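Asks: Let me see the structure of the following:
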Amino acid sequence: MTRIAVIGGGRIGEALIAGLLESGRLSKDLVVVETHQERAHQIADRFGVRVTDDLADAAVGADLLVIAVKPGDVDAVLAPLGKAELGNDRDQVLVSLAAGVPTARLEGKLPAGFPVVRVMPNTPMLVGQGMSVIAPGRYARPQHLDLVSELLAAVGKVVTVAETQMDAVTAVSGSGPAYFFLVVEAMVDAGVGLGLTRDVATQLVVQTMIGSAALLDESGQTAAELRAAVTSPAGTTAAAMRELERGGVRSSFLEALVAAKQRSVEQGTSAE
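Replies: From the prediction side, this is the model:
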């Protein structure tokens, strides 16, 4: 079995651990590196996995080293990893879930030729419905990508792209949940404005979103086709669509995603 070290016991790290265990991974094959003692005890008690603050020890014994910390904390992880005796007796892979950190920066702190795979996850992985996008570093081979894909499939779907596309990925799916939540918030507020209670409006909007996403995923039809099927000529939906188009919803989303991509580029540059 593949031995996995999850470096960071925050929300994303916890979501990954939960998904791995639910998918059949054995707790003995997982180790979590967490320096905050209270959080370490919580993870150990909840999942029955070994939790340690000795990063080098956990890393040396693992096949997959998963960095699940904030971008600003990556240097604190790389320093002890760079000093550890990695890759001596196993084909190890570093998997980085730290947004905006290029693989070249990670590779530069590790033994020469060490394989790195960069991941852009999103928060729905907390409920097993994440969208994880992976990009290989210079030394990552197809079998490494297969191993990382299998790992992340425990918490959602996985797509592979070239690293040059990761800033666009960040704009679309990495930040995507926030756009979705904003639309939900706006629709709930509008429903309240139309006389519904907030509880009822919330139930209507949330279930409509869940059902619409499932229909889009399972029907085999495009979003445009499904929208057209709901939009009867001169009907209520057509009236709503006219107002949304008048408000520039398409151009607003385009400008928003362009801004997000550019900010991702800036963060990646400053991280190097």
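Asks: Can you give me the end-to-end span of stretch 3-17?
Replies: 12 Å (Cα to Cα, to the nearest Å).
Asks: What are the boundaries of the strands in the stretch 101-250 of the chain?
Replies: All strands of the stretch 101-250 of the chain, identified by DSSP state E, counting those that start in this stretch, fall at 116-120, 130-136, 156-160.
Asks: what's the most buried one of those strands?
Replies: Most buried of the strands of the stretch 101-250 of the chain by mean neighbour count (mean count of other Cβ atoms under 10 Å) is strand 116-120; its value is a mean of 26. In short, each C-beta sits where N, CA and C put it, glycine included.
Asks: I'd like to know which elements it is packed against.
Replies: strand 93-96, helix 103-107, strand 130-136, helix 142-152, helix 166-169 (3 or more Cβ pairs under 8 Å, 6 or more residues apart in numbering; DSSP states H and E).
Asks: In PDB, list the C-alpha atoms belonging to the first one.
Replies: Written as PDB, here are the backbone C-alpha positions of strand 93-96 (Å, rounded to 0.1, in the frame of the first residue of the first chain):
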ATOM      1  CA  VAL A  93       6.600  12.200  -4.900                       C
ATOM      2  CA  LEU A  94       5.800  15.700  -3.500                       C
ATOM      3  CA  VAL A  95       2.200  16.800  -4.000                       C
ATOM      4  CA  SER A  96       1.700  20.500  -3.300                       C
END
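Asks: which residues are in contact with it?
Replies: Residues outside strand 93-96 that contact it (Cβ atoms under 8 Å, 6 or more residues apart in numbering) are 63-67, 74, 81, 103, 106, 110, 114-119, 140, 144, 147-148, 151.
Asks: mean confidence for it?
Replies: Regarding strand 93-96, the rounded mean pLDDT is 95.
Asks: Okay, buried residues for it please.
Replies: Val93, Leu94, Val95, Ser96 (16 or more other Cβ atoms under 10 Å).
Asks: if we can go back for a sec, of the contacts of strand 93-96, buried ones?
Replies: 64-67, 74, 81, 103, 106, 110, 114-119, 140, 144, 147-148, 151.
Asks: picking that back up, which of the helices and strands packed on strand 116-120 sits closest to Glu14?
Replies: strand 130-136 (12.9 Å; Cβ to Cβ).
Asks: Average pLDDT for stretch 239-248, rounded please.
Replies: Computed over stretch 239-248, the average pLDDT equals 96.
Asks: ok, now stretch 34-50?
Replies: 94.
Asks: Any buried residues in it, and which?
Replies: In stretch 34-50, counting by 16+ other Cβ under 10 Å, buried: Glu34, Arg39, Ala40, Ile43, Ala44, Phe47, Val49.
Asks: Can you lay out the residues you listed as a markdown table showing distance to Ala18?
Replies: Output for those, formatted as a markdown table (distance: Cβ to Cβ, whole Å):
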| residue | distance to Ala18 |
| --- | --- |
| Glu34 | 15 |
| Arg39 | 15 |
| Ala40 | 16 |
| Ile43 | 10 |
| Ala44 | 14 |
| Phe47 | 7 |
| Val49 | 10 |
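Asks: out of the residues you listed, who's nearest Thr197?
Replies: Arg39 (38.0 Å).
Asks: Once you drop chain neighbours, what's closest to that closest one?
Replies: Gly9 (5.3 Å; Cβ to Cβ, 6 or more residues apart in numbering).
Asks: Then Glu22?
Replies: Using Cβ to Cβ, 6+ apart, the nearest residue to Glu22 is Ala154, at 7.0 Å.
Asks: Same check on Gly176?
Replies: Asn122 (6.3 Å).
Asks: That neighbour is in contact with Ser173, isn't it?
Replies: Yes - counting by Cβ atoms under 8 Å, Asn122 does reach Ser173; the two are 5.3 Å apart.
Asks: shared neighbours of these two, anything?
Replies: Counting by Cβ under 8 Å, 6+ apart, the residues touching both Asn122 and Ser173 are Met131.
Asks: pull the helix or strand with minimum mean pLDDT from the protein.
Replies: helix 74-83 (a mean of 85; mean pLDDT, DSSP states H and E).
Asks: List the buried residues of that helix.
Replies: Val74, Val77, Leu78, Leu81.
Asks: pLDDT at Arg90, what is it?
Replies: Looking at Arg90, the pLDDT reads 66.
Asks: related to what we said a few turns ago, ok so the residue nearest to Arg39 is a helix residue?
Replies: No - judged by DSSP: H, G, I helix; E, B strand; the rest coil, Gly9 forms no part of a helix; its state is coil.
Asks: With that, I have no additional questions.
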